[in-house]
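[1] Based on what follows, work out the 3D shape:
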Amino acid sequence: MNIEDLLRTLESPIAIRPTRRMTQGELETYLDKAADILRGSADHSEFRGYVFALLFYKRISDCFNEEVRTQVTQLRTAGVEDQQAYRLAMDPQNHHFTVPPAADWDAVARTARGQLGQALNDAMLAIERANAHRQNNFDGILTGKIDFNKQDELPRDKLVNLINHFGSQTFDRAHVSDDLFGNAYEYLIRNFASKAGKSSGEFYTPAEVGFLMAEVLQPKAGMSVCDWASGSGGLLLQCIRYVKKHGGDVRQLQLHGQESNVATYNISRINMILHGIPVWEHKQGDSLRDPRHVTADNRLKQFDRIIMNPPFSLEDWGYDTVVAGDKFGRLSHGMPPASNGDWAWMQQIVKSLKDADADLGTGGQGMVVMSQGVLFRGQPEQTEEEDGQNQKADAEYVIRRSFIEADLIEAIVVLPGKLFYGNNVPGCLVLLNKAKPADRKNKILMIWASRHFQKGNPQNLLRPSDLMRILVPWRAFGDLATAQRLVSEHEAQLIREVEEQRDTRLADIEDAYGPVLEPLSRLQTELATLDALDLKQKAVKDAITPEHPYFHPLAPLQVDVERIEGEIAVAGRGEKAALKTQLITPKAKFDVARKKLIDAIKARHKQVARAVKDLGKLQEERDAREQEVRLAAEREITHLCEASADLLRICSSEDEARRYFTLAGQEEIAENEFNLNLPRYVDTFEPEATKPLLVAISELVAAESAANTSAKALKEMLIAAGVHAA
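    Numbering: from 1, shown residues only. This is a model prediction of the structure:
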């Protein structure tokens, strides 16, 4: 390599990617900041439709532009002229969805503040019209119940801040994968639920509860699944994940949902689109007043599985529409009270579950989140002989008794408090089954799961170890020997899932940081070589060899100089002058080249050192994130191992097991007047902690001594301050 080539190499900029793809954690933090922009509102629910629409709009705009750029590049490579390549790349047939040029995010975001609201409205409408012909069209997603001109709902300063915030990040697939963005969208839904007011429980079900419900219902490819109160679609997504996890084809899962709130209905549609769900039947409307999943002869459709978290104890549930008779025949077990719709939902579920098929051994199953009040509200009939008064049986008692006698309830799980956003009332899970196996008939499994959870603010959380404490007795259906056999199986399964999640997060981090950090090792080696160089004149002269990585271009120049200097050394007096003149040019050429090379090496050293420092910080950042993920997984696995050992202890003793779960037969339930309140069946009593007498006395003496010392010190302080103590 000659001197010019080496100088160009040394002076060339170090190619380090200026940006990297966001990790899941970074994207979640970014979306947290979007929610923080709305801080100050008492109820975030009024804003959520706007935020979700804006984020979806930014995503599809960036992805569309990315697809166009990719196709233009491919067409140009194939020899297509620029303008023609762009026209072909813009053809809607070449895209999953289309964003008209006038509706491009960047164009709309530059609109003047006063016209921004109308520009957004126009862009959203244009996008919906441009995609109206598609199977998964956007009809109403971006415009239903959303008007960006309504400054009383979304103040202009908050809108501008949101536009600026979302505009600061690129959301195409190169920066954020589909899975990552879908997960982040669910994270934002959860974020809003945590910050919203009382309506949030109807909007979002914690993922951990949804996971548990899907594990119990075990949906399979080919089944039909319905959520009559689908909210943002999270429970149906949990069913999809369950089928995927067990190797099923989710395209054969028939999904149905209905949601009354228009904004929430549109958010759930966005949620499904972002998760790549190709087909699902979703309706908007009040499921109790106007169920929309009906047959051609206007009867409720029946499903293999129903998964639901309806509003707790809904007061205005539609009593007025059914009091004279329900055309769908849902209330065969009794008329719920006008002020509480819990049993209206329960009866809707039963009516829309497939009936038992004795030949196939199949039938519909439903799992629903309910207020614990459904377990015990309502009193049986009272007579003067029994209670000194005449009183008819309460409506909820009548319906609950009818459900029990019809053998529809298979299991009840009482959950910890503060699990559900916007509602601190402890909930329960009720499993309904129209086709109980023979060994489960006339029995109800009751699980008291309120002891084990992770305390949080604002909501408590169920950890994988807490879920295992529910799944093991459920799958064993209360049988202790079976439960003991299942413990290790469930421990291994849940640990495997924790490890898979850990590995996914680690791969996500490596995918984001890896391409950026790729040059680091090479640059560190180069920096070590540069650090070792001695650039003093004599050292450089001694180091010049044809093999030296930096000084080799100087070798032929130095040879010329040294040759003439050698001739001068042996030349006679008359020849020296001529040889010295001859030396001037090669010596100057050598000195200039050496100076340029040394300057370039110094500049390169600074550039490499700076790059190594910057990349080193990124490497530390990556390592810290990876360590955080590993430690979190280790904590979860530790909890699982501890829970596994505790479950084995619990399941080895009938008395101990009864503190957590039990099987109750219809006869025992009838003796309890069909009251399903779990403390009647499960020993929920928590004994107070005890101490040996000598320990307690010692602690009491120590406390009294400390109190006397404090009183004495206070008295001395008062005297010193001139205050006379009594």
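[2] tell me which strands and helices the lengthiest helix in the chain is in contact with?
    For the chain, the helix with the greatest residue count under DSSP state H is helix 573-650. On a contact count with 3 or more Cβ pairs under 8 Å, 6 or more residues apart in numbering; DSSP states H and E, helix 573-650 meets helix 3-11, helix 464-476, helix 480-517, helix 520-532, helix 554-570, helix 654-657. For the C-beta atoms, the positions are set from N, CA and C on the backbone; glycine is no exception.
[3] out of the ones you listed, nearest to A112?
    helix 480-517 (36.2 Å; Cβ to Cβ).
[4] picking up where we left off before, which of the helices and strands packed on helix 573-650 sits most buried?
    A comparison of these by mean neighbour count, using mean count of other Cβ atoms under 10 Å, puts helix 464-476 on top with a mean of 23.
[5] can I get the helices and strands packed on helix 573-650 in CSV with distance to I669?
    Formatted as CSV, these follow (distance: least, Cβ to Cβ, whole Å):
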stretch, distance to I669
helix 3-11, 85
helix 464-476, 18
helix 480-517, 21
helix 520-532, 67
helix 554-570, 97
helix 654-657, 19
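[6] What is the least confident helix or strand in this protein?
    Ranked by mean pLDDT, DSSP states H and E, the weakest helix or strand in the chain is helix 200-203, scoring a mean of 52.
[7] In three-state terms, label I163 for me.
    With DSSP: H, G, I helix; E, B strand; the rest coil as the basis, I163 sits in helix.
[8] I'd say it and R110 touch.
    No. Contact criterion Cβ atoms under 8 Å: I163 and R110 do not qualify, at 9.7 Å.
[9] rewinding a little: taking helix 554-570 as reference, get the angle to the longest helix of the chain.
    For helix 573-650 against helix 554-570, the angle by axes from the mean of the first three to the mean of the last three Cα atoms, to 10 degrees is 150 degrees.
[10] could you give the mean pLDDT of helix 573-650?
    Mean per-residue pLDDT for helix 573-650: 90.
[11] So I163 and R110 - more neighbours on which side?
    Higher neighbour count among I163 and R110: I163, with 21 against 12, using other Cβ atoms under 10 Å.
[12] burial measure for the closest residue to the more buried one other than its chain neighbours, as a count.
    In this structure, I163 finds its nearest non-sequential neighbour in A109, 5.3 Å apart by Cβ to Cβ, 6 or more residues apart in numbering. Under the neighbour criterion other Cβ under 10 Å, A109 is assigned a count of 18.
[13] A109 and P553: what is the separation?
    52 Å (Cβ to Cβ, to the nearest Å).
[14] what does I509 give?
    Distance from I509 to P553, by Cβ to Cβ: 43 Å.
[15] ditto for G233
    In this view, G233 and P553 are 66 Å apart by Cβ to Cβ.
[16] So for those two, which residue has more residues nearby?
    Neighbour count, other Cβ under 10 Å: between G233 and P553, G233 has more, with 28 against 20.
[17] tell me the phi and psi of that one?
    Here is the backbone geometry of G233 (degrees, to the nearest 10): phi 90, psi 10.
[18] and R17, what pLDDT?
    With respect to pLDDT, R17 has a value of 59.
[19] which residue of the protein sits farthest from its center?
    G574 (89.8 Å; Cα atoms, centre = their mean).
[20] tell me the contacts of the most centrally placed residue in the chain?
    Centroid-nearest residue in the chain: Y187, 4.0 Å away (criterion: Cα atoms, centre = their mean). The neighbours of Y187, taking Cβ atoms under 8 Å, 6 or more residues apart in numbering as the test, are 27-28, 31.
[21] my read is it is in a helix, agree?
    Yes. According to three-state DSSP, Y187 belongs to a helix.
[22] Can you tell me how far it is from S177?
    With distances taken as Cβ to Cβ, Y187 is found 14 Å from S177.
[23] could you point out where the stretch 101-250 of the chain is predicted with low confidence?
    Applying pLDDT under 70 to the stretch 101-250 of the chain flags residues 135-136, 195-203.
[24] in it, which spans are strands?
    Secondary structure of the stretch 101-250 of the chain, counting by DSSP state E, counting those that start in this stretch: strands at 224-227.
[25] Please apply the same query to the stretch 301-450 of the chain.
    Using DSSP E, counting those that start in this stretch, the strands of the stretch 301-450 of the chain run over 305-308, 365-371, 409-414, 427-433, 443-448.
[26] May I see the ones you listed arranged in JSON lines, with mean pLDDT and mean neighbour count as well?
    JSON lines is the format used below for those (pLDDT from 0 to 100; neighbours: other Cβ atoms under 10 Å):
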{"stretch": "strand 305-308", "mean pLDDT": "97", "mean neighbour count": "26"}
{"stretch": "strand 365-371", "mean pLDDT": "96", "mean neighbour count": "24"}
{"stretch": "strand 409-414", "mean pLDDT": "97", "mean neighbour count": "24"}
{"stretch": "strand 427-433", "mean pLDDT": "96", "mean neighbour count": "22"}
{"stretch": "strand 443-448", "mean pLDDT": "97", "mean neighbour count": "23"}
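[27] quick one: contacts for the residue nearest to L583 when sequence neighbours are not counted?
    In space, and not counting its chain neighbours, L583 is closest to I564: 4.5 Å by Cβ to Cβ, 6+ apart. Neighbouring residues of I564 by Cβ under 8 Å, 6+ apart: 579, 582-583, 586.
[28] Buried among those residues? Make that a ChimeraX selection.
    Typed into ChimeraX, the next command selects the buried ones out of the contacts of I564 (criterion: 16 or more other Cβ atoms under 10 Å):
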select :579,583,586
